[in-house]
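Q: build me a structure from this.
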Amino acid sequence: MKTIKTPKYLISKKKMNNYKRDHKIWNKKAQVTIFIIIAIVLVLSIVLFFVIRGGIKVAKIPKDLEPAYTYYLDCIEQETETGVMIMGQQAGYIETPEFSPGNTYMPFSSQLDFLGTGVPYWYYISGNGLAKEQVPTKEKMQEQLNDYLEEKISGCDFSSFRETGFEIDLDDKIEVKTKIKGNKINVDIIQNLAISTETTSWIGEKHSKKINSNLGNFYNSAIKIYNDFKENMFLENYGVDILRLYAPVDGVDIACKPSIWSVEQIRENLTQALESNIPFTKIKGDYYDLKSKENKYFVQDIGKDIDANVNFMFLREWPNKMEVWPNEQGLLMAEPVGLQEGLGMLGFCYVPYHFVYDLAYPVLIQVYFNEEIFQFPVVVYINKNKPREPIDTTNLPNVVPELCLYKNTQISVSTYNINLEPIPANIKFKCLATTCDIGRTEAGILTDNFPQCGNGYIIASAEGYKTKKQLLTTINPGTIDIFLDREYELNLEIAGIGTNDFAVITFKKDKATRTIAYPDQKQVTLSEGQYEIKAFVYSDAEINLQGSSEQKCIDVPRSGVLGILGFQDEKCFNLEVPSQTVDTAVSGGGTQNYYITESELETSNKIIIMPTNFGRPTKIQDLQLNYNSIEVSRLNIRLE
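A: Take a look at the predicted model:
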């Protein structure tokens, strides 16, 4: 047999088998490495894709865990609706601005008490007489709603789910962002929430909920109404009309007796009129039905219809301010013209009157639809019979008068009654037209710094005592004693007058006058001192004053150059005097100077005045005769 030699480069069978085995292992390792690299690339690609898209989306919650998550979303919705309700009731606030009280000058605090809830005014007049605004921005509302939800959502109660086997972990760390839109509120929340059972688990961090709400629409409508209120003052214009319809402002009465009005009765009439008329106010829209032309008077066009219901409200128990001048101790009085000496030839009487009012009151404006509401109050201010001027509430002046900021003279004030007993009293200082609050005497003594002023007045007031004003120069330090007169309320009786008669009594002391209309008023407050007491008694009468017509002529300057040179023309006109029936006239009265002592006031509870009876007037001459007799006739006065 021929032998064949194996070449040197050939591999043995054993080595070949080893080689095949190692090569197979290497191939497997290479394949695994390639798959790992591909997997990493795929994962990175997916992550990058979703990062670019705005973040990794949370996996869909398993179906058996949905009830717990649905409750969480419902809790978000419920707390949002509660926060929105609070905002609607509190003029756009959850946390209201710092409270500022009113005072006797202007009784409006920074909030209106409505059904036990303090509703911040969007516009009001402070105790210093300054216009104040508290209108929240939509951004501020969103911030407050965010804070409210961050506090409330972490308290969502999952106890009922835990009792059925759920394990729920709600992180206390939470971030809420809300967006108030027209008829929706978007709520976005970042908060870790883990829900699991024995077989399933889920973790979520970002949660969103859209809440149906008209808060945005209501707020936009409220802003439009408020801006129109500020700029066009439509509520003040309505208020002026109500004032002139239900209160004596200016006019003329044909009568021979004084016209008298009670300030408290005027106040009652006005509050009733405001309460009855303000609800008729409307903002132009389609939520009401006004068929008569007269009712269109109450519709205010603010340039765009409101897509909601709007209600205006005033309640008589709300704080309000009414001051009227001239005012004599709670009475408005207008004296007749035609009875005074020298005017008897007029042949008729008339009573002209003119009174000036400051009137301020709140109006609550409500924008609502179905169960949703947004409300805010404003103060309506009528100043000296006219609507307030539009006020720029930016850069308001200092609330303290400049004079009162510089108190650098120390003055000691002591307040006593007439028995030299110290009494606590409120102390103010008046210099020209500026009045500064100083403080209150404790145990009858106050030592404090006063503004420097030549010939100023210290004003001391205490309950039950007559307010006293005393002249003082505060250029240099000093002391002053003030003695206050105690006031006593006495019953008043006018003796000897008929059941249908009435009387007007004036008590004049130290240039101050108290006027009583009897029998409507039967009490008077007096202090020790010298009084001039005057009484007018009025009874029924029937005197006919005939009308007349008379031509009067006067010389007036000519127009142009001739008038400058002194040339005149005669102008004539007819003077018409209307006929008049006098049904009430002076029938008695008198005047008396009388000193009332403290001891008399302490031991008495009634003052009795007996006027002189002149007799009922029956002809025109008697009217002026009786009126002139008041000054020369005496009154009998006694206290008992």
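Q: all contacts plus neighbour counts: C-alpha atoms, from now on.
A: Noted.
Q: quick one: residues contacting the nearest residue to Lys282 once chain neighbours are set aside.
A: Once flanking residues are discounted, Lys282 sits nearest to Val299: 4.7 Å by CA to CA, 6 or more residues apart in numbering. Contacts for Val299 (CA atoms under 8 Å, 6 or more residues apart in numbering) come out as 281-284.
Q: for Phe280, same thing?
A: Neighbour list for Phe280: 298, 312 [criterion: CA under 8 Å, 6+ apart].
Q: distance check, it against Asp169.
A: 55 Å (CA to CA, to the nearest Å).
Q: buried residues in stretch 489-509?
A: Judged by neighbour count (16 or more other CA atoms under 10 Å), stretch 489-509 contains these buried residues: 489-494, 497, 501-509.
Q: out of those, which two sit at the greatest distance?
A: By the measure CA to CA, Asp501 and Lys509 form the most distant pair in the buried residues of stretch 489-509, at 26.5 Å.
Q: next SSE after the host helix or strand of Val240?
A: Assessed by DSSP states H and E, Val240 sits inside helix 234-246. With elements assigned by DSSP H and E, the helix or strand that comes after helix 234-246 is strand 250-253.
Q: which is the next helix or strand following that next one?
A: Per DSSP H and E, the first helix or strand lying C-terminal to strand 250-253 is strand 259-262.
Q: that next one packs against which elements?
A: Applying 3 or more CA pairs under 8 Å, 6 or more residues apart in numbering; DSSP states H and E, one finds that strand 259-262 contacts strand 331-334.
Q: what does the strand it packs on rub up against?
A: 258-263, 326-327, 351-353, 515-516.
Q: buried set for it?
A: With burial defined by 16+ other CA under 10 Å, the residues of strand 331-334 counted as buried are 331-334.
Q: so the helix or strand containing Phe312 versus helix 234-246, what angle?
A: Per DSSP H and E: Phe312 is located in strand 309-313. Per axes from the mean of the first three to the mean of the last three CA atoms, to 10 degrees, the angle that strand 309-313 makes with helix 234-246 is 50 degrees.
Q: what is strand 309-313 packed up against?
A: Strand 309-313 packs on strand 282-283, strand 356-369, going by 3+ CA pairs under 8 Å, 6+ apart.
Q: could those strands go into JSON lines alongside distance to Phe229 and mean neighbour count?
A: Below are the helices and strands packed on strand 309-313 laid out as JSON lines (distance: least, CA to CA, whole Å; neighbours: other CA atoms under 10 Å):
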{"stretch": "strand 282-283", "distance to Phe229": "11", "mean neighbour count": "22"}
{"stretch": "strand 356-369", "distance to Phe229": "11", "mean neighbour count": "21"}
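Q: nearest to Gly118, of these?
A: If you check each of the helices and strands packed on strand 309-313 against Gly118 by CA to CA, strand 356-369 wins as the nearest, at 12.1 Å.
Q: give me the distance between the helix or strand following that closest one and the centre of its chain.
A: Helices and strands here follow DSSP H and E; after strand 356-369, the next one along the chain is strand 372-383. Distance of strand 372-383 from the chain centroid (CA atoms, centre = their mean, to the nearest Å) equals 7 Å.
Q: how about strand 372-383: buried residues?
A: 373-383.
Q: and these, which is closest to Gln624?
A: Among those, and counting by CA to CA, the member closest to Gln624 is Asn383, at 38.9 Å.
Q: show me what contacts the closest one?
A: Neighbours of Asn383 in contact, by CA under 8 Å, 6+ apart: 357-359.
Q: now render those residues as TSV, adding distance to Glu133.
A: TSV is the format used below for those (distance: CA to CA, whole Å):
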residue	distance to Glu133
Tyr357	24
Asp358	21
Leu359	19
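Q: please name the nearest non-neighbouring residue to Gln366.
A: Using CA to CA, 6+ apart and skipping residues adjacent in sequence, the residue nearest Gln366 is Gln375, 4.2 Å away.
Q: next: Thr281.
A: Spatial nearest neighbour of Thr281, chain neighbours left out: Phe298 (4.8 Å); criterion: CA to CA, 6+ apart.
Q: quick check: that neighbour touching Lys284?
A: No: using CA atoms under 8 Å as the test, Phe298 is too far from Lys284 to be in contact (9.5 Å).
Q: mind listing what's buried along stretch 166-174?
A: 166-168, 170, 174.
Q: nearest to Tyr72 among the residues you listed?
A: Nearest to Tyr72 among those, with distances taken as CA to CA, is Leu170, at 9.8 Å.
Q: who's in contact with that closest one?
A: Residues in contact with Leu170 (CA under 8 Å, 6+ apart) are 154, 191-194.
Q: please redo it, this time with the cut-off set to 7 Å
A: Residues near Leu170 by CA atoms under 7 Å, 6 or more residues apart in numbering: 192-194.
Q: just to revisit the earlier point, and of the buried residues of strand 331-334, the nearest to Glu231?
A: Nearest to Glu231 among the buried residues of strand 331-334 is Leu332, at 33.6 Å by CA to CA.
Q: thinking again about what came up before, quick one, what contacts the residue nearest to Gln366?
A: Each residue near Gln375 by CA under 7 Å, 6+ apart is listed here: 88-91, 364-367.
Q: count of neighbours near the residue nearest to Thr281?
A: When neighbours are defined as other CA atoms under 10 Å, Phe298 has 19 of them.
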